Every structure is written in C-alpha cells, then in structure tokens.
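Peer 1: Okay, sequence plus prediction incoming.
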Amino acid sequence: MGRLVVVSNRLADPRKPAAGGLAVALGEVLRNTGGLWFGWSGAIVDDARAAEGSLRIQQAGAVTLATIDLCREDHDAYYAGYSNGVLWPVFHYRLDLANFDDHDVEGYRRVNRLFARQLVPLLRPDDVIWVHDYHLIPLAAELRAAGCSQRIGFFLHIPMPPSQIFAAIPQHEWLTRTLFAYDVVGFQSRADLGHFAGHAGCDAVAKRANEHRLEAFGRRLHAGAFPIGIDVDEFERLGRGKEARDAYVTTRDEYARRRLLIGVDRLDYTKGIPQRIRAFRELLTHHPGNRHSATLIQIAAPSRESVEAYAGIRIELERLCGAVNGDFGDLDWMPVRYIHRNVARRRLPGLYRAARVGIITPLRDGMNLVAKEYVASQDASDPGVLVLSRFTGAAEQLTEALLVNPYDIRGTAEALQQALAMPLAERQARHDALLGHIREYDVHRWCADFLGALDPPLAQALGHHARERRRRATAPPA
Ligand code: GDG
C-alpha cells in the first residue's frame, strides 16, 4: 500500500479534538498509511530566504507533519491577495468583491512553486498525493514540472461557479489548464461538477468521454462530485461529553421560557448573516406572537480579519443586531444574542441541541458542515428543525430541511415561523430522514470515495481498516 500525502494551506494536529471532523478523518487515513501532511505553519517571517529554509518536520503519532513558513510579501499576495481577495469571492459568485491585481497572482504562483520545491524531496515514488482547496490549484502542475509522476488528486471545498462567472478571472485559462495536471478533481456537489465540465468544454476544449472523464492538454482527468460530511460518531461522542451537556443544560435553563434559534458561522460575507438578522426581524414584525418568546443566538467566529472585504461586515452586523434589540427588546427579553467569538468545539453540540431551529442561510457555500452538525446533535425524540439555504452544497442532499432563498427575507421569515410551529411528528420524520443522509455520506465515506477514484488499491486497503474501526466501535465491551 502506498503512503497518503495530504497537502493543504494549513494543517491540524489530528490528535487534538479541537481539530474537527475533517482533520480526524484525514488523520485516520494518514495514520493507517504512515502518511505525511504538508502545509503552511501559519508563521510569517521577514524575508524569502528565511522562508526557504524553514521546513519543520514533526511526528504526530504515525503521521508526519511537515510545515514551512511564508515571508510577508508572499503571504500578503498568495493568502490575503489572490486566494482570499480573488478566488474566494469569485468562486462564491461575488465578482463585486474581487480585487484583481497582477502582483497577487505572481505571489500565488511563487508560493505554489515554493510548496512544490519543498515537498518534492519528501516524496516517495509510490505516494498518493491529495491536495486541498483553492489556495493550491496550480500545485500539481508545479509538481509535474518538477518530474512527479505520482497519482495526484484535488478537492475543492468551496463552490465552482458557472463559466460566465469563472471567466471573469483574468487567469481563468491558466487555472483550468493547471487543473488538468491532476488525475482526479473533486467537487462538493453535482451542480459544481456540471459548472466545471461546462467550463472545461469552453476553456480547454475538453472532450467529455463520459460523465466523469474529461480529456484535454494530452491528459485524462476524472472529475466527480464527492459531498463532504461530518464524523457523525465523533460528533455524537462530543455531544455526550461533559462540556456539551453543561452547555445544553445551562442554555436550556436560561431560556426555559423561550424558543431558541441558532446560527453558527465564521464571520464571512458568504454566510448570509445580515440577511438572517433581517429575516428574524421580519419574523418578529409579521408574527408578533414570537415577541418575548423567540431568541436568536448568532455565533460569528472571527475570521480573516486581515482581508479588506471583511472589515465592513462586523460593523453592519453590530448595527443590525443592535437595531433589533433596541426596537423589539424588553427588560426581560433580548431578541438577538450576537457573539463575535470562537466557541469551544466541545460545547457546540449542546448549543445546537438546545435550539428548536438551526438557521443556516449562506448566500453561497460549498457544502456547509454546521447544517450537518446541527442535525447530528438533536434529540431524536424531540428534534429541532433545520432551515437551510438552497444555495449550499448541503441542500442537494438535505432536501427534508426547510429550504429557503436567503435573499428572500420575507420567505425566510415564513420558513422560520413554519419551523417554530412544526408539529412533533413532522419534526421527527424530517430529522430521521436527514440523519439517515448525514450518516450515509459521512466524512469517512467522502474520504473513501475520493481515494477510490484516485487510487483504488489504496482505498481498498483503507477500507479494511475502516471496517475494523466500525467493528471495534460497535463491539460490546470485553
Ligand atoms: C469550507 C467551505 C465546506 C464555526 N464556528 C465555530 C466553529 N465553527 C466550525 C463549525 C464547522 C466549521 O467551523 C465550519 O464549516 P463550514 O462547512 O460550515 O464552513 P467553512 O469554514 O466556510 O468551510 C464549506 C467546508 O470547507 C468543508 O469542506 O463545507 O462550504 O466554505 O465545523 O462547527 N467551531 C468552533 N467554534 C466556533 O465558534 N470550535
């Protein structure tokens, strides 16, 4: 069995529970193959020479973690500039927020070249390489240029926009060409896959041999939809832990006379948080029975504060929440609890469970794992209702949620009212179906399906380990 090498912008220590489901799942596969995880350390150093000599290798159990630092100029152009100032907004259909600057794309190329240069000496001939996300689109092309012939796959965690939007990026042809250096390219949804296939047909004049096989630039590419999931078992375990139970009991008792709605997001303009606050305001306006009763807890974890486009959203949200509380609140009732802080991961399942409605309404999202975490945290005998934006990858699977158009403030408010008034039997039936989906398409299935397309022998060997894990998890204690 070959070794798995994961490459991503940042990496997480898979042994730490705070790392999240993705790190747990990748960590498991990496452990079982004695694999390597390579990425940026998060440190910014003074000059390019210091970055060049910064490779650090540590052992995390059976997994090797290899990191490099970036110099300030490269970081600003690659991370804040091209990745988060061009690719993130455009891939989320926000051309208005994109800041096209030739200087940034040069930095993006430089860092991808640096990643390749530092990674190549660590590689073995039978390694299988899995590259993650928009920061590293041209990495395989750089690795191929350096002589790598290993199998290389790429997974895009964010949406793939339609060709008319993608083509606004001045370097769209180059990006498309570099994607053909991979053997497998994975997307979150069938819609995203369709957009890519359509675009490759224009940009690369790709021939589509079948649903998944595209040919261009003398290379064959397998393109597929691999919807990411959560580690449902791990999340349920977290939910049984002390911190989650405490968070549940405290929240339930504090809001005993209220019905709670909850939103949990990174503070990002793609997540539709201002629209959500407006919809909640609309709910209080048109359904006054919710006054003194419904409370929205909105957790907005700080994110990318160095990127220009994020500056305004914090101010806008504070203003919107302040206005709802000022206009509707009373001495004994604050309609919106807005928390601009990171909440410990171990507490999240308790908060989700205490809320009658999970309100997940991004304007555009590759998948959205919070929606799945909310479902996994519910008490099946008295579950809450998921109100979900139709513009998330998750909506392609979670059709038993109340699907809304987040731009339609009145429509979203009506869905909130429907959720708050939903009878128990309907809540149970919807929850049962949703839980079935998230169990079937969990993060382990995502890993197995992607690796199955990239390297079938590796996936087969890992399948054996996964069966062992399940057997151990379900075996009665000795
Ligand atoms: C990208 C794509 C895709 C949030 N607030 C806190 C916190 N979180 C955790 C959630 C969840 C994760 O962060 C967010 O995941 P999402 O999927 O919702 O969104 P992105 O961060 O934008 O992720 C997305 C994902 O990649 C995976 O492919 O689904 O579409 O944009 O796990 O629980 N965690 C803690 N405190 C918080 O305050 N601890």
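Peer 2: Noted; the coordinates are in hand.

Peer 1: what about the strands in the stretch 301-450 of the chain?
Peer 2: Counting by DSSP state E, counting those that start in this stretch, one finds strands in the stretch 301-450 of the chain at the ranges 336-339, 357-360, 385-389, 402-404.

Peer 1: Just the residues contacting the shortest one, thanks.
Peer 2: Contact partners of strand 402-404, identified using C-beta atoms under 8 Å, 6 or more residues apart in numbering, comprise 361, 385-390, 395, 411-412, 415, 418-419. Bear in mind the C-beta positions are built from the backbone N, C-alpha and C, glycine included.

Peer 1: want to throw these into a markdown table with pLDDT, distance to Leu402 and neighbour count?
Peer 2: Formatted as a markdown table, these follow (pLDDT from 0 to 100; distance: C-beta to C-beta, whole Å; neighbours: other C-beta atoms under 10 Å):
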| residue | pLDDT | distance to Leu402 | neighbour count |
| --- | --- | --- | --- |
| Thr361 | 98 | 11 | 28 |
| Val385 | 98 | 6 | 28 |
| Leu386 | 98 | 7 | 25 |
| Val387 | 98 | 5 | 27 |
| Leu388 | 98 | 7 | 30 |
| Ser389 | 98 | 10 | 27 |
| Arg390 | 98 | 10 | 14 |
| Ala395 | 98 | 11 | 22 |
| Gly411 | 98 | 10 | 14 |
| Thr412 | 98 | 9 | 26 |
| Ala415 | 98 | 5 | 24 |
| Gln418 | 98 | 6 | 15 |
| Ala419 | 98 | 6 | 23 |
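
Peer 1: quick check, nearest of the residues you listed to Asp102?
Peer 2: Ser389 (34.4 Å; C-beta to C-beta).

Peer 1: Pull up the gap between the closest one and Val404, please.
Peer 2: Separation of Ser389 from Val404 (C-beta to C-beta, to the nearest Å) stands at 6 Å.

Peer 1: who touches both of those two?
Peer 2: In contact with both Ser389 and Val404: Thr361, using C-beta under 8 Å, 6+ apart.

Peer 1: returning to that earlier point: mind putting the strands of the stretch 301-450 of the chain into CSV with distance to Glu318?
Peer 2: Output for the strands of the stretch 301-450 of the chain, formatted as CSV (distance: least, C-beta to C-beta, whole Å):
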stretch, distance to Glu318
strand 336-339, 7
strand 357-360, 19
strand 385-389, 23
strand 402-404, 24
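
Peer 1: Of all those, which one comes closest to Ile165?
Peer 2: strand 385-389 (18.1 Å).

Peer 1: and that closest one, anywhere near the ligand?
Peer 2: No: applying C-beta under 6 Å from any ligand atom, one finds strand 385-389 out of contact with the ligand, separated by at least 11.2 Å.

Peer 1: what does stretch 176-188 give?
Peer 2: No: Stretch 176-188 stays clear of the ligand (C-beta under 6 Å from any ligand atom), getting no nearer than 6.6 Å.

Peer 1: Now that stretch: average pLDDT?
Peer 2: The pLDDT scores in stretch 176-188 average 97.

Peer 1: end-to-end on that stretch?
Peer 2: From its first residue to its last, stretch 176-188 covers 18 Å (C-alpha to C-alpha, to the nearest Å).

Peer 1: how distant is stretch 146-156 from the center of its chain?
Peer 2: 22 Å (C-alpha atoms, centre = their mean, to the nearest Å).

Peer 1: model confidence over that stretch, on average?
Peer 2: Stretch 146-156 comes out at a mean pLDDT of 97.

Peer 1: Quickly check: that stretch near the ligand or not.
Peer 2: No: using C-beta under 6 Å from any ligand atom, stretch 146-156 stays clear of the ligand, coming no nearer than 8.0 Å.

Peer 1: Mind listing what's buried along that stretch?
Peer 2: 148, 150-156 (16 or more other C-beta atoms under 10 Å).

Peer 1: Output those residues as JSON lines; include the columns distance to Ala48.
Peer 2: Conversion of the buried residues of stretch 146-156 to JSON lines gives the following (distance: C-beta to C-beta, whole Å):
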{"residue": "Cys148", "distance to Ala48": "23"}
{"residue": "Gln150", "distance to Ala48": "27"}
{"residue": "Arg151", "distance to Ala48": "31"}
{"residue": "Ile152", "distance to Ala48": "26"}
{"residue": "Gly153", "distance to Ala48": "29"}
{"residue": "Phe154", "distance to Ala48": "26"}
{"residue": "Phe155", "distance to Ala48": "29"}
{"residue": "Leu156", "distance to Ala48": "28"}
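
Peer 1: Go through the residues you listed and flag which are in strands.
Peer 2: Among the buried residues of stretch 146-156, DSSP state E puts 151-155 in strands.

Peer 1: tell me which of those is nearest to the ligand?
Peer 2: The ligand lies nearest to Phe155 out of these, by C-beta to the nearest ligand atom, at 8.0 Å.

Peer 1: Quick check: that closest one touching Asp133?
Peer 2: Yes: using C-beta atoms under 8 Å, Phe155 makes contact with Asp133 at a distance of 7.2 Å.

Peer 1: residues from this structure in reach of the ligand?
Peer 2: Checking the chain against the ligand by C-beta under 6 Å from any ligand atom, the hits are 20, 157-158, 228, 264, 266, 299, 301, 342-345, 348, 365-370, 373.

Peer 1: and the residue of the chain positioned farthest from its centre, how far is that from the ligand?
Peer 2: In the chain, Leu331 marks the outermost C-alpha relative to the chain mean, sitting 38.6 Å out by C-alpha atoms, centre = their mean. Counting by C-beta to the nearest ligand atom, to the nearest Å, the separation of Leu331 from the ligand is 29 Å.

Peer 1: what separates that residue from Ala323, distance-wise?
Peer 2: 18 Å.

Peer 1: Report the contact partners of the residue nearest to Ala376 when sequence neighbours are not counted.
Peer 2: Distance criterion C-beta to C-beta, 6 or more residues apart in numbering; nearest residue to Ala376, sequence neighbours excluded, is Phe235 at 4.6 Å. By C-beta under 8 Å, 6+ apart, Phe235 lies in contact with 21, 349, 373, 376-377.
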